[in-house]
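S.K.: When you get a sec, could you give me coordinates for this:
(one chain, ligands or ions: 1)
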Amino acid sequence: MTETSKGFVPPPYPYERLNRLRPITESHDGGTVDLSVGTPFDPPPQSVLDALATSGTERSYPPSIGTADFREAAKRWMSRRFGIEVPADQIGASIGTKEFVGTLPQWLKLRDPSRDTILYPAIAYPTYEMGATLAGCRAVPIRLLPGGGVDLDSIDESDAARALALWVNSPGNPTGALEDRVAAARWGREHGVPVFSDECYVEFTWSGPGRSILEEGLEGVVAVHSLSKRSNLAGLRVGFYAGDAELVSYLQEVRKHVGLMVPGPAQAAAIAALDDDEHVEVQRERYRSRLTLLASVLSDWSGEPVAQPDGAFYLWIPVNDGWEYTERLARDGGALVSPGEFYGDDGVPFIRVAVVQPDDRVQLVADRLASRG
Ligand SMILES: Cc1ncc(COP(=O)(O)O)c(C=O)c1O
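M.R.: Numbering: from 1, shown residues only. A predicted model of the protein is given here:
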């Protein structure tokens, strides 16, 4: 291989860095229990799979902004869930939401070339930072308040003046914290910075109902939602963004030009999923019981109390050394979890446990750890 580029070199994908621990977890009877990536393993409803198979939408190109029926279903869901009425033309489809998060900065930079900065929570889903990097933007982490949520007062005025967007994430991955959406929306309006609120875990809150930043009005804010976690459809790749009329319309137009389209059958399946709340209730109870079980098992095993999150399906546990804890858990429990450094430098003294595996697999980890205790 010849050296061809001195430019951007993609860093190793965080979760691939866990591969060196796999021989350890594999050597357990029953194999690896993977609690690292937050990917659902529970099944989606059959009605959704039926809609996927029978929509007859395979032949033609789907509308990039989403079919009228899909956007109406998203509108109905937001009305039911948050009591807000978002006009359907202020909603656009995305291919899951990772691509939306990862590409947003380049579209915003084109829209306003005088700005170059993306603000994001200092402990967060890595794609907020990566999207900024891929667009050649500055990524500026905003430290978290002790209770979670970004410390808006700590944002430097000079960074705010250069900001294309502020990302917030509520409930947050990996911390599970709920954002002060009122304060975030107000800060964005006061500073003329669009606030993008990633709400893909909003159906999984453990202290009251999930809330959307759109409840504070649509102006200057955009909420991002995903079917991946809500309906166990991460493999289908469907999400949507909704909010400020001008921002949404701009994004709909640029995304149309680049051919970002959710396949028609996937949109049809998503309509069936969005119109059904029952399966979400079932899923919520699954996550709730796994969070309770694993928190108790890990407390007993480690000798340190493990707190429940306010939302999402992760345990975010303070530890002395994230990699050491991760390796010990691989040895004793045959489980893979994520060292907190995957989510930013401030995450180093933590680990994240995703309670995504089926109950019998989670129980297997519990049994292995209990036999060690
Ligand atoms: C905070 C957050 N945002 C967005 C995503 C992207 O999910 P998807 O692309 O499946 O919608 C994830 C996935 O784990 C996430 O944790």
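S.K.: From Arg368, how far off is the residue nearest to the spatial centre of the chain?
M.R.: In the chain, the residue lying closest to the centroid (C-alpha atoms, centre = their mean) is Cys200, at 5.3 Å. Going from Cys200 to Arg368 by C-beta to C-beta, to the nearest Å gives 31 Å. All C-beta spots, glycine's among them, are computed from the backbone N, C-alpha and C.
S.K.: related to what we said a few turns ago, doesn't Ser231 make contact with the residue nearest to the centre of the chain?
M.R.: No - using C-beta atoms under 8 Å, Cys200 makes no contact with Ser231, being 11.3 Å away.
S.K.: residues of stretch 37-54 that come out buried?
M.R.: Residues of stretch 37-54 classed as buried by neighbour count (16 or more other C-beta atoms under 10 Å): Gly38, Pro40, Pro44, Pro45, Val48, Ala51, Leu52.
S.K.: low-scoring stretches of the stretch 251-373 of the chain, by residue?
M.R.: 373 (pLDDT under 70).
S.K.: Could you check how many residues crowd around the residue of it found nearest the ligand?
M.R.: Nearest residue of the stretch 251-373 of the chain to the ligand: Ala312, at 7.9 Å (C-beta to the nearest ligand atom). The number of residues packed near Ala312 is 31, by other C-beta atoms under 10 Å.
S.K.: Please apply the same query to the one 3 residues further on.
M.R.: When counting by other C-beta under 10 Å, one arrives at 24 neighbours for Leu315.
S.K.: Assign it to helix, strand or coil.
M.R.: Counting by DSSP: H, G, I helix; E, B strand; the rest coil, the backbone at Leu315 sits in strand.
S.K.: in the sheet, who's paired with it?
M.R.: Using DSSP bridges, the bridge partners assigned to Leu315 are Val353.
S.K.: Secondary structure element holding the closest residue to Ile24 other than its chain neighbours?
M.R.: In space, and not counting its chain neighbours, Ile24 is closest to Ala330: 4.6 Å by C-beta to C-beta, 6 or more residues apart in numbering. When elements are assigned from DSSP states H and E, Ala330 belongs to helix 322-333.
S.K.: Show me which residues of this structure sit near the ligand.
M.R.: Proximity of the chain to the ligand (C-beta under 6 Å from any ligand atom) is limited to residues 38, 96-98, 101, 125, 169, 173, 198, 200, 226, 228, 234, 239.
S.K.: quick one, helices of the protein?
M.R.: With DSSP state H as the criterion, the chain has helices at 22-26, 46-54, 68-82, 98-111, 127-134, 157-162, 181-191, 227-230, 245-257, 264-274, 278-302, 322-333, 359-372.
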